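> test case, fold it:
(one chain, ligands or ions: 2)
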Amino acid sequence: MSNKKILLTGGLGYIGSHTAVSLLNSGYDVAIIDDLSNSHIEVKDAIQKITGKKIDVIIGDCGKAEDINRAFEECGPIYAVVHFAGFKAVGESVHKPLKYYKNNLESAIETINACFKYGCKNFIFSSSATVYGNAQRMPIVESDLLSYTQPYGETKLVIENMLCGICKAEKDFNVIMLRYFNPVGAHESGLIGEDPNGIPNNLMPYITKVAVGKLEKLTIFGSDYPTPDGTCVRDFIHITDLAEGHVKAVDKIGHLENNIEAVNLGRGKGVSVKELVDTFNEISNGACKAVYGPRREGDVPVSYADVKKANEVLGWKARLGVKDMCISAYKWELSHMEKK
Ligand code: NAD
Ligand code: UDP
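Ligands and ions are numbered 1, 2, ... in the order given. Got it, this is the predicted structure:
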C-alpha cells in the first residue's frame, strides 16, 4: 500500500521545508509546489539528503489555476494540502498592500479550488498569531477576539473567515488553521533553516547574522516596555517542534469532531528579547553585540499562546527550549555562511 501523499504549497520555504522533513520521517509522501519567490531549488536536495527519501517538486504559482492543477495532476492523489505559500513580511505589506492581497488571497483561493476539483478533503492553513491583533489578555486563547493591524494580518484573517464559510457549506471538507507564534531555529543537520533575503526583519536571523559578522550589531527595539526586563516578550518556538505540530495536524485532520479548528502553535511560555539574546550569547561566547534602541512601531509588549487546545485536539506539545533554538540557528548560519 502506498503512503498518503501531502502537498505542501510553499514547501521549499522555511517552515515548509522543515515540515517536509518531519512528514517524510513520519512515513508520509511529500509533493511541493513553490514559485521560488522566497526560496531556492537547492532546498529540495537538502530535504532529500536529510531524509533519504525522494520528493516531487513542481515549480509554479499556486495562485494560478493551471499551475496548482498541474501539481494535483502530476503528483496526485493528494490526501491533504498544507498551504504555506504566501508573502509574510509585515512591514512590506504596509507599503505594498496590493502585492499581499493578490498573492496571499489568490494562492489560497486557487489552492482550495483545486482541492475541490481533485477531491482532496483535507486542508491545513498556515495562519499566525497576528490574527489576534493587539491582544489584551495573556495567554492568548483561540476563542479570543480576532483583528488585524496591517495588510499581512488582514490576509490571514480574511483567509480564516473564508475557510469558515466554506466549511459551513461543505461538511466533508476538513480544515485546521494553525496559528503560529514565533518560529525560530533550524534543523539539527544545519542543512535547512531560515534564509531571508537582504537585511532580516526578524529577531533570530538578525542575531545570527551579527554573530557571524555579516551585520555590525543588533538593536533591541525598546527597553521601557511594562515587562520584567523592559524588553518585549514573545512565544518563541523551535521550528522542529512547529514542524511536528503539522504532522500531528495531518494525522488528525480526517478525524476531527468539527470540520474546522483553529489551533495555536507555541510553547505557551513568554521569553523576553533580552533573555533570548542573553541565551544566544551564552552558547556563542558572546558573539552577538546588542544595543538598546527605540521601540519599533506596531510591536505589542507581550504575546504568548495558550497551548491547551493544541494538546487536546492534536496531542501535540513543544519539547525544545530556548537554548536548542539558539544552538540550531547559530549552526545553520555558520554552515550556510561556508556555502556562500
Ligand atoms: P517562507 O517565505 O520561507 O516560505 C513561503 C514559501 O512560499 C516560499 O518558498 C515562497 O517561494 C513560496 N511562495 C510564495 N508565494 C507563492 C505562490 N503564489 N505559489 C507558490 N509558492 C509561493 O515563509 P515561512 O516562514 O516558511 O512561512 C510559511 C507560512 O507561514 C506563510 O504563509 C507565513 O505567512 C506563515 N507564518 C510564518 C511565520 C514566521 O514567523 N515564519 C509566522 C506566522 C505565520
Ligand atoms: N526585535 C528587536 N530587534 C530586531 C528585530 C526584532 O528587538 O532587530 C524584537 C521585536 O521588537 C519584537 C521581537 O524582537 O519584540 C520579535 O520580533 P520579530 O520581528 O522576530 O517577530 P514578531 O513578534 O514581530 O512577529
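> what residues does the protein put near ligand 1?
9-10, 12-16, 33-39, 61-63, 84-86, 88, 103, 107, 126, 128, 180, 183 (C-beta under 6 Å from any ligand atom). In short, each C-beta sits where N, CA and C put it, glycine included.
> what's the ChimeraX line that selects buried ones from those?
Here is the ChimeraX command that picks out the buried ones among these, judged by 16 or more other C-beta atoms under 10 Å:
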select :9,10,12,13,14,15,16,33,34,35,38,39,61,62,63,84,85,86,88,103,107,126,128,180,183
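> show me the contacts for residue 275.
Neighbouring residues of residue 275 by C-beta atoms under 8 Å, 6 or more residues apart in numbering: 229, 322.
> residues of the host helix or strand of it that come out buried?
Per DSSP states H and E, residue 275 falls inside helix 273-283. For helix 273-283, burial by neighbour count (16+ other C-beta under 10 Å) applies to 273, 274, 275, 276, 277, 279, 280, 281, 283.
> average pLDDT for that helix?
Here helix 273-283 scores 98 as its mean pLDDT.
> give the next helix or strand downstream of that helix.
Moving toward the C-terminus from helix 273-283, the next element (DSSP H and E) is strand 290-293.
> check which element follows that following strand along the chain.
Past strand 290-293, the next helix or strand by DSSP H and E is helix 308-309.
> I'd like the mean pLDDT over that following helix, please.
Mean predicted confidence for helix 308-309 is 98.
> which secondary structure elements does that helix contact?
For helix 308-309, the packing partners by 3 or more C-beta pairs under 8 Å, 6 or more residues apart in numbering; DSSP states H and E come out as strand 260-265.
> ok, the strand it packs on: who's next to it in the sheet?
strand 174-180 (parallel) (DSSP bridges).
> packing partners of the next helix or strand after the strand it pairs with?
Going down the chain from strand 174-180, the next helix or strand is strand 182-184, by DSSP H and E. Contacts defined by 3+ C-beta pairs under 8 Å, 6+ apart place strand 182-184 against helix 203-211, strand 236-238, helix 239-252.
> so does strand 182-184 get close to ligand 2?
Yes: contact of strand 182-184 with ligand 2 (C-beta under 6 Å from any ligand atom) involves residue 182.
> list of residues touching that strand?
In contact with strand 182-184 (C-beta under 8 Å, 6+ apart) are residues 14-15, 129, 194, 202-204, 234-239, 242, 266, 303, 325, 329.
> and stretch 108-120, by the same measure?
Against stretch 108-120 from outside (C-beta under 8 Å, 6+ apart): 7, 9, 62-65, 68-69, 71-73, 76-81, 83, 85-86, 121, 123, 125, 159, 162-163, 166, 170, 173.
> what residues sit buried inside that stretch?
For stretch 108-120, by 16+ other C-beta under 10 Å, it's 108, 110, 111, 112, 114, 115, 118, 120.
> that stretch - what's its average pLDDT?
The average pLDDT within stretch 108-120 is 98.
> would you mind listing what in the chain touches ligand 2?
Residues of the chain lying near ligand 2 (C-beta under 6 Å from any ligand atom): 182, 201-203, 206, 218-221, 232, 234, 273, 296, 299.
> of these, just the buried ones, ChimeraX syntax please.
Only the buried entries of these go into this ChimeraX selection, using 16+ other C-beta under 10 Å:
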select :182,202,203,206,218,220,221,232,234,273
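> for residue 315, state which of the residues of the chain next to ligand 2 is nearest.
residue 182 (22.5 Å; C-beta to C-beta).
> now do the closest one, the pLDDT please.
pLDDT for residue 182: 98.
> and for the one 4 residues further on?
Reported pLDDT at residue 186 in the predicted model: 98.
> now do the contacts for it.
18, 192, 193, 194, 239, 328, 329, 331, 332.
> so which of the buried residues of stretch 108-120 sit within helices?
Per DSSP state H, helices hold the following members of those: 108, 110, 111, 112, 114, 115.
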